[in-house]
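> Next input, structure requested:
(2 chains)
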Amino acid sequence: MNQVVVDFQAGNPEAYQHIFHLFYRPLCLFLSKMGLNSFVTEEIVHDTFLKLWNKSADFSEINSLRSFLYVSCKNAALNLLDKEKRLRIKEEGYQHSQDWVDFPVTQQIIYMETIQEIHQAIGTLPDQCQKVIQLLFIEGYTPQEVADELGISSSTVYNQKMRGVQLLRNVLNKDQLFVFTLLFADILYSSVK
Amino acid sequence: MVRYPQQITNILSAAHLREWTAEEKALVDAWLLEDEHNQAVLDAILNKQQLSRDLELFRSFDVEKAWEKQQSLLKVDSHPSRFSGGYPWRYFFYMAASVVIILGLVLFVNQDETTPQQEPIAAIQPGASQATIRLADGTVVALSDAADGLLINEGLVYEDGKKVPGITSTNFSSFEMSTPRGGQYRMTLPDGTKVWLNAETSLAYHENAEERHVDMTGEAYFEVAHKSKEKSVQSGEAKPFRISSNGQEISVLGTHFNVKSYQEEQRSYTTLLEGSVQITAAEGQLLLTPGEQGIVQGNSLHKAKVDVAAVMAWKDGDFVFNSERLDEILRQVGRWYDVDFRIENEALKAEKFEVMVPRFGQLKELLELLQKTGKIKFRYEDRNIYVKDK
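Predicted structure coming up:
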């Protein structure tokens, strides 16, 4: 991870690509939850990454780079979401959007990156297993509902669940997951090199 | 280095996928106590309905397609040294953008026109290297702003090698160093310890046969020399390094840490980067490990995990406030630009804001950023800046 930041600081485009892949989706989710539509969200994130590239020499470690990305996106979003609009959002009942606007960035980062990690962990599973785990553990389906939804037998659901739990246990072990995240980052990084 | 926020997101991501271990549960509980907002993050993650909606939203953004677009944007961006090419309309866009910015500045300056004949806010400069030192024989020297570091050894020498003129004393075992509002300075003590002083900070150093002692108020970052040249006469060990500041005592032996302890503030903060330190206050003692911050308020003390990069931003030339109280933010900003903020509304003082800007930027840029939140308005009058809610 540190090597990526060192390379990025030196202006290496591959390191930039890696950082883009690492932060693009969490940042999009971050802005969407502030009540921006996906078009505006993508515009802001693209623009922020342009700024990041032009300032690459300023960043020597990942935390300040992360803060820069989130705070810049938030500032740009606030420029758009003027007070009236925020009020309107509130009146129209998008209460959660308003709450998220006022929520501290530090905590939002934790939420967005947790979503990213859940996505990555589930993504390590084989295809059918992914669907079963997602429906059972995240969507809260019963095994019978999963079987109906996917058109498979309930014994297959059970087998896939056991398999998923087994695989996730390896993936989600605290220290291993940390290694995994680094590995994931490194594999991605070396694959673009 | 603390793996923040990596460690906690690892544990949180497992919430629905398997049982937490007892150790993980304990870490989550400790994390919940660190900040009042953390509970809301946990609640959001435990809320399956919201989580699955957000996962779906997260996946709806196509990162590969976006990367292709980003590359094409880079090609039209005006940095030929890195990517070739460029389109005229892009320059037009930048011109248009700068017109908007200039218009914005004009509007901003015009808000202050109720009181003419004053120094415009745009003229307020950020702080710089300035400090004075007072030696044991009473000599007081204003240190050059040309050099920003001082070596105290057999004499007083700037970091660029020039001698500080007018020094006759040869005794440097005790002295006082202070920076004004809008000042900062770096120095190396006779034992090799490095100290960075933030604005409005005073520090009295005293070394004797048994210990090195600093009495301070303000904010300073210490890199205490691991092997003191001079050993304690009694124990033969490296001499202890002790700091007293507004009712707390910090004992160290070879370590990197930041102390923020201003008299007018209710709390003193000691943040440890490397090594270990012990803090003593009226009600007890506390040992810090790297990444932890000890907080002394009155007689009581407690500790928390912190974002060390944010705490140390001042030393590296940035202001980084991660959701901090407005009064706290403006006190620090005021010290650096030597201006006074008057917050006219009590409730506003506790409002929290996020800011990340370079310390050597213009004050007005920082204030504009805060105004953009739509929550506050500034009015400027004679180096006093009045703050009210919008």
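> what's around the nearest residue to B:T139 once chain neighbours are set aside, how many residues?
Nearest residue to B:T139 in three dimensions, chain neighbours excluded: B:S169, at 6.0 Å (Cβ to Cβ, 6 or more residues apart in numbering or on different chains). Glycine gets a C-beta too; all of them are placed from N, C-alpha and C. Using other Cβ atoms under 10 Å in any protein chain shown, B:S169 has 13 neighbouring residues.
> next one: the one 3 residues further on
By other Cβ under 10 Å, 19 other residues sit near B:F172.
> give me every residue that touches it.
By Cβ atoms under 8 Å, 6 or more residues apart in numbering or on different chains, the contact set of B:F172 is B:L135, B:A136, B:I152, B:N153, B:E154, B:G155, B:L156, B:P190.
> Weed out the non-buried ones from those residues.
Burial by neighbour count, 16 or more other Cβ atoms under 10 Å in any protein chain shown: within the contacts of B:F172 this picks out B:L135, B:I152, B:L156, B:P190.
> Return the distance of the helix or strand harbouring A:T156 from the chain's centre.
Using DSSP states H and E, A:T156 sits within helix A:154-172. Put simply, helix A:154-172 sits 23 Å off its chain's centre (Cα atoms, centre = their mean, to the nearest Å).
> list the buried ones in that helix?
By neighbour count with 16+ other Cβ under 10 Å, helix A:154-172 contains the buried residues A:V157, A:Q160, A:K161, A:R163, A:G164, A:V165, A:L167, A:L168, A:V171, A:L172.
> Please save the CA atoms from the host helix or strand of B:T271 in PDB.
Taking DSSP H and E as the criterion, B:T271 maps to strand B:267-274. Output of strand B:267-274 as PDB, limited to C-alpha atoms (Å, rounded to 0.1, in the frame of the first residue of the first chain):
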ATOM      1  CA  ARG B 267      -8.200  20.200  27.800                       C
ATOM      2  CA  SER B 268      -4.600  19.100  27.200                       C
ATOM      3  CA  TYR B 269      -3.900  16.500  24.600                       C
ATOM      4  CA  THR B 270      -0.800  14.300  24.400                       C
ATOM      5  CA  THR B 271      -0.600  12.200  21.200                       C
ATOM      6  CA  LEU B 272       1.900   9.400  20.900                       C
ATOM      7  CA  LEU B 273       3.500   8.500  17.500                       C
ATOM      8  CA  GLU B 274       6.300   6.200  18.600                       C
END
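> Quick check: phi and psi at whichever residue of the stretch 151-300 of chain B sits closest to chain A.
Nearest to chain A, among the residues of the stretch 151-300 of chain B, is B:G291, at 11.7 Å (Cβ to the nearest Cβ). Main-chain dihedrals, B:G291, degrees, to the nearest 10: phi 90, psi -10.
> Ok, the one 5 residues further on next?
For B:V296, the backbone dihedrals are phi -110, psi 120 (criterion: degrees, to the nearest 10).
> do the one 10 residues further on as well
Dihedral angles phi and psi of B:V306 (degrees, to the nearest 10) take the values phi -130, psi 160.
> Return the distance of it relative to chain A.
B:V306 sits 10 Å away from chain A, going by Cβ to the nearest Cβ, to the nearest Å.
> So that residue is in contact with B:Q293, correct?
Yes - counting by Cβ atoms under 8 Å, B:Q293 is a contact partner of B:V306 at 4.4 Å.
> Any chance you could list residues touching both of these two?
Shared contacts of B:V306 and B:Q293, counting by Cβ under 8 Å, 6+ apart, come down to B:T271.
> Burial check on B:K390, number of neighbours?
So B:K390, with other Cβ under 10 Å, has 10 neighbours.
> and the residue nearest to it when sequence neighbours are not counted, what is it in contact with?
Residue nearest to B:K390 in three dimensions, not counting chain neighbours: B:K377, with 5.1 Å by Cβ to Cβ, 6+ apart. The contact partners of B:K377, by Cβ under 8 Å, 6+ apart, come to B:Q371, B:V387, B:K388, B:D389, B:K390.
> Chain A versus the fourth one, what's the distance?
With distances taken as Cβ to the nearest Cβ, B:D389 is found 11 Å from chain A.
> Three-state assignment for A:V71, please.
Secondary structure, DSSP: H, G, I helix; E, B strand; the rest coil: A:V71 is helix.
> Tell me, what's the model's pLDDT at the residue nearest to it when sequence neighbours are not counted?
Nearest residue to A:V71 in three dimensions, chain neighbours excluded: B:M356, at 4.7 Å (Cβ to Cβ, 6+ apart). B:M356 is assigned a pLDDT of 82 by the prediction.
> ditto for A:I118
91.
> Which residue is the nearest non-sequential neighbour of it?
Closest to A:I118 by Cβ to Cβ, 6+ apart is B:S13, at 4.8 Å.
> how deep is the one you found tucked in, by neighbour count?
Other residues close to B:S13 by other Cβ under 10 Å number 24.
> you'd agree it is up against A:I122?
No - assessed by Cβ under 8 Å, B:S13 is found out of contact with A:I122, at 9.7 Å.
> hmm, back to that, now name the helix or strand holding the residue nearest to A:V71.
Using DSSP H and E, B:M356 sits in strand B:352-358.
> average model confidence for whatever helix or strand comes next after that strand?
Downstream of strand B:352-358, the first helix or strand assigned by DSSP H and E is helix B:363-371. Throughout helix B:363-371, pLDDT has a mean value of 86.
> Now the following helix or strand past helix B:363-371: buried residues?
Sequence-wise, the next helix or strand downstream of helix B:363-371 (DSSP H and E) is strand B:376-381. By neighbour count on 16+ other Cβ under 10 Å, the buried set for strand B:376-381 is B:I376, B:F378, B:Y380.
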